[in-house]
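> Turn this into a structure:
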Amino acid sequence: MTLTEWRKAIEGAMIQVGFSQTSQEAKWLLGAAINREGAFITLNPSYTPTPLEEKTIQDWLARRLKGEPLSRIKGMREFWSLPFQLNEHTLDPRPESELIIEAVLKWIGPCSKEPWRLLDLGTGSGCLLISLLHELKNASGMGVDIEEKALSMAQKNAELNGVLPRAHFQISNWGEGIREKFDIIVSNPPYIPLQEKETLEKAVLAYDPAQALFGGENGLDCYALLAKTIPHLLAPKGLVVLEIGMGQSASVTSLFQERGFQRLFVLKDLQGIERTLAFEMNPTS
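Residues are numbered from 1 along each chain as shown. Alright, predicted model coming up:
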């Protein structure tokens, strides 16, 4: 079968099980399965995959039709235009998390060449720390996580993206046991309320680790802990940037204000939802 024939077959199979955007989905799956860019699929409709490539297409299509995300099938996700490997212990990075990188760069402005010290709390795949180190060539940083196998993946991703000499990964529960001070602290903590569990997509529940998703009954448990812990980790005049869930801006701001922080700015996602909060310690605290 040619790529055109495979694409039509994949689209038909996806339509039968209720997929949307089947044309784009088919193109993504084909490109990933034969390890080619999407443009190759469009520009080479008569290309006939090798027997090994055909087997991969068939296997991956069967998994996708069962609801497994393509990023999980590939074991790879692009974030901040960089490749990140995934395993069952790491969250699949979302595009809205790139706002954390944007917020840090906004705050740093023209001082990108300074030797910033960074801390990523709950690092998972390492995408936040590694993306920042990729942008800030003189910075160094630490990523901490409670899950050892997530840290192992983060270290592999640091090597994959050429920043391993400037990155250190350590087991820690939200910074517990860390004695250093950091100029910039970032985190994308679990923030989904447990009461909303049944509303999540089946693929999220099945393939993302629960401990990276749920933040207690109201989704705020980790923020309360971070607001208590971060003052001991933040250098004077340092920056804190957090991702938040929909409708949590006021609550998270209040938690941090109670601990002596002041909010600097907020960034919204493409839907206009407040997703990223930036804080510093109030000088009068």
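
> From now on I want contacts and neighbour counts done on CA atoms only, so please keep to that.
Will do.

> What's opposite I185 in the beta bridge?
L119, V240 (DSSP bridges).

> check contacts around it.
The neighbours of I185, taking C-alpha atoms under 8 Å, 6 or more residues apart in numbering as the test, are 118-121, 234, 238-241.

> Look up how far S71 lies from K8.
K8 is 22 Å from S71, where distance means C-alpha to C-alpha, to the nearest Å.

> Please read the previous query as pertaining to I230.
To S71, I230 is 32 Å away according to C-alpha to C-alpha.

> Please apply the same query to K228.
Going from K228 to S71 by C-alpha to C-alpha gives 35 Å.

> would P115 count as being in a helix?
No: remark: P115 does not belong to a helix; assigned using DSSP: H, G, I helix; E, B strand; the rest coil, it is coil.

> Wait, it touches S140, no?
Yes: the pair P115 and S140 qualifies as a contact (C-alpha atoms under 8 Å) at a distance of 7.1 Å.

> what residue ranges in the stretch 151-285 of the chain score low on pLDDT?
285 (pLDDT under 70).

> what about P51, how many neighbours?
9 (other C-alpha atoms under 10 Å).

> what's around A32, how many residues?
19.

> go on, I34?
16.

> so where do the strands sit in the stretch 151-285 of the chain?
167-171, 182-187, 234-243, 261-268, 274-281 (DSSP state E, counting those that start in this stretch).

> hmm, back to that, compare neighbour counts for I230 and S71 and give me the winner.
More neighbours surround I230 than the other of I230 and S71, with 21 against 17 (other C-alpha under 10 Å).

> any idea how far the more buried one lies from I178?
I230 is 11 Å from I178, by C-alpha to C-alpha.

> Same question for G31.
For G31 relative to I178 (C-alpha to C-alpha), the value is 43 Å.

> now Q271
According to C-alpha to C-alpha, Q271 stands 37 Å off from I178.

> Look at those two and report which has more neighbours.
I178 (15 against 6).

> how far away is the more buried one from E280?
20 Å.

> can you pull out the helices in the stretch 51-200 of the chain?
51-65, 70-74, 98-108, 127-135, 148-160 (DSSP state H, counting those that start in this stretch).

> Out of those, which one sits most buried?
helix 127-135 (a mean of 24; mean count of other C-alpha atoms under 10 Å).

> next one: that one to chain centre, how far?
Here helix 127-135 is found 11 Å from its chain centre; the criterion is C-alpha atoms, centre = their mean, to the nearest Å.

> packing partners for that helix?
helix 98-108, strand 117-121, strand 140-145, helix 148-160 (3 or more C-alpha pairs under 8 Å, 6 or more residues apart in numbering; DSSP states H and E).

> And for it, what's in contact with it?
Identification of contacts with helix 127-135 by C-alpha under 8 Å, 6+ apart yields 79-80, 82, 84, 93, 98, 100-101, 112, 118-120, 123, 139-143, 154, 157-158, 161-163, 166-167, 186.

> List only buried entries from the residues you listed.
79-80, 84, 93, 98, 100-101, 112, 118-120, 123, 139-143, 154, 157-158, 161, 163, 166-167, 186 (16 or more other C-alpha atoms under 10 Å).

> how many neighbours does P231 have?
Counted with other C-alpha under 10 Å, P231 comes out at 19.

> could you list every residue that touches it?
259, 281 are the contacts of P231 under C-alpha under 8 Å, 6+ apart.

> okay, now the domains of the chain?
3-66, 76-281 (automatic domain parsing).

> any idea how far T90 is from A212?
Per C-alpha to C-alpha, A212 is found 8 Å from T90.

> More neighbours: which of those two?
The residue with more neighbours, out of A212 and T90, is T90; 25 against 18, by other C-alpha under 10 Å.

> Would you check that that one makes contact with G124?
Yes: contact between T90 and G124 holds when scored by C-alpha under 8 Å: they sit 4.9 Å apart.

> Spit out the residues that contact these two alike.
What both T90 and G124 touch, as defined by C-alpha under 8 Å, 6+ apart, is the set A150.

> Check the burial of Q170 by counting its neighbours.
Q170: 18 neighbours (other C-alpha under 10 Å).

> so who does it touch?
Q170 touches 142-145, 151, counting by C-alpha under 8 Å, 6+ apart.
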